[in-house]
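**Q** Give me a 3D structure for the following:
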Amino acid sequence: MTRPPTGRLHRASWLWRRLGTSIRCRTLRAGRESDWRGQGHHGSSEIQVAPVKQVSLPRLELCAATLLSALVSHTQAIIELPIANVHLWSDSTVTLSWIQGHPSRWKTYVANRVAEIQRCTPEARWHHTPGEDNPADCASRGVSPKELVDHELWWKGPPWLTTTSGPWPAGPALAVTAEIPEQRTSYAASRPHPEEPTLLTRYSSLHRLLRISAWCRRWLRPRHARGCTLTVEELQDAEEMWIRISQACGYPEELATLSSNRELPRRSSLLKLSPFIDGKGILRVGGRLRNASLSYDEKHPAILPSESYLTRLIIEASHRRTLHGGVQSTLGLLRQRHWIPRGRTRVKEVIHRCVTCL
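**A** Residues are numbered from 1 along each chain as shown. Reported below is the predicted structural model:
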């Protein structure tokens, strides 16, 4: 009684001038269902000339693994028996670590070959085998014809290949991620988020924030000056208060420098804006518009830190005032009173998160 092969064992090895691979077909035969006897047969092999240019040892092992996966894929396409399992073996732990990782983690040379291996043999299981049990070494290192005739390792494979399910050699633990060579260098750019008061980040709309702040600030006014409803001046005072707090969190060095009547350092991002501090302690844009026939806020808009939570609330409020207009209309309304460094990029980010515009 003959059963379909339950797997195949493949070896990959290298030598300085040759790359060798070998395939073993393992079939299970039994006289009874409970009495299995495994047999290993030489299936196919391939030898390829190694690159002339000097290549590192792990890269040569990876080239042999790539050759192996291509040979396995070709054999699977032409064989007429159903394949239950495919087991691929290598004696290089670095190569096994590369194959088990995503190609995007490695540099170009390794990534291209790992992608090819995963494409040709997506369901294969990779294992580690000791070098003395690797039949492919016979092809890569070379043996004489006289030795090849009775070479047990080449024709029948290692002794443990004939076992039904084990014990197969347990390879060493794979290298830790930090120790694997050929890793692609990745850079993560993080934008600083200044620590802002909890009262500011508690509310999701500028309208609600200003009204609650204005009601709380009423106790700073004389009793006879308090009315039944909020006035425009009270709402404007609340907005100016939050602008000062936001600027203190985002531009502490610039405020300290300008307060002491010193020039901003050349590395400051606000140097080109010619900033100054007005009578209310707000950092504003300077420049040549001071003599223009415009309102004070248009000539000297308040500078808002691009990463501030208040900036996001003001952009969202301007976006709603323009009836969910695009980037240009929102930015035009916004710059009538405020100036945001990298304003166009920040407005795009806010509009892309607008549920109504989606």
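
**Q** going forward, measure contacts and count neighbours with C-alpha atoms only.
**A** OK.

**Q** Thought residue 122 was touching residue 85, still the case?
**A** No - using C-alpha atoms under 8 Å, residue 85 makes no contact with residue 122, being 11.7 Å away.

**Q** Overlap in contacts, these two.
**A** Contact criterion C-alpha atoms under 8 Å, 6 or more residues apart in numbering; residues shared by residue 85 and residue 122: none found.

**Q** how much space is there between residue 60 and residue 223?
**A** Look at residue 60 and residue 223: by C-alpha to C-alpha, to the nearest Å, they are 85 Å apart.

**Q** who's more crowded, those two?
**A** Each of residue 60 and residue 223 has its neighbours counted (other C-alpha atoms under 10 Å); residue 60 has more, 22 against 9.

**Q** Let me know the pLDDT of that one.
**A** On the pLDDT scale, residue 60 is placed at 83.

**Q** same deal with residue 45?
**A** pLDDT, residue 45: 57.

**Q** Leaving out sequence neighbours, find the closest residue to residue 277.
**A** Leaving aside its sequence neighbours, residue 277 sits nearest to residue 283 (C-alpha to C-alpha, 6 or more residues apart in numbering; 4.6 Å).

**Q** isn't the one you found right up against residue 302?
**A** Yes - judged on C-alpha under 8 Å, residue 283 makes contact with residue 302 at a distance of 5.9 Å.

**Q** Residue 112: neighbouring residues, count only.
**A** 14.

**Q** and it, what is it in contact with?
**A** Taking C-alpha under 8 Å, 6+ apart as the test, what residue 112 contacts is residue 103.

**Q** Would you agree residue 285 is in contact with residue 303?
**A** Yes - taking C-alpha under 8 Å as the definition, residue 285 is a contact partner of residue 303 at 6.6 Å.

**Q** what touches both of the two?
**A** Contacts common to residue 285 and residue 303, judged by C-alpha under 8 Å, 6+ apart, are residue 339.

**Q** Now for residue 234, how many residues are close by?
**A** Residues within reach of residue 234, counting by other C-alpha under 10 Å, total 19.

**Q** re earlier: comparing residue 283 and residue 302, which residue is more hemmed in?
**A** residue 302 (27 against 24).

**Q** Pretty sure the more buried one sits against residue 337.
**A** Yes - counting by C-alpha under 8 Å, residue 337 is a contact partner of residue 302 at 6.5 Å.

**Q** Quick check on the residue nearest to residue 277: phi, psi?
**A** Main-chain dihedrals, residue 283, degrees, to the nearest 10: phi -80, psi 120.

**Q** Quick check, pLDDT for it.
**A** Value for residue 283, per-residue pLDDT: 94.

**Q** and it, how far is that from residue 336?
**A** Following C-alpha to C-alpha, the distance that separates residue 283 from residue 336 is 15 Å.

**Q** Check which helices and strands the lengthiest helix in the chain sits against.
**A** For the chain, the longest helix by residue count, based on DSSP state H, is helix 57-78. Helix 57-78 sits against strand 7-14, strand 18-32, helix 93-100, helix 108-120, with contacts defined as 3 or more C-alpha pairs under 8 Å, 6 or more residues apart in numbering; DSSP states H and E.

**Q** After that helix, which helix or strand is next? Please name it.
**A** Using DSSP states H and E, the helix or strand that follows helix 57-78 towards the C-terminus is strand 87-90.

**Q** Alpha carbons of that following strand, as CSV, please.
**A** C-alpha atoms of strand 87-90 as CSV (Å, rounded to 0.1, in the frame of the first residue of the first chain):
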residue,chain,number,x,y,z
HIS,A,87,9.9,21.4,4.6
LEU,A,88,12.9,23.4,3.6
TRP,A,89,16.2,23.3,5.5
SER,A,90,19.3,25.5,5.8
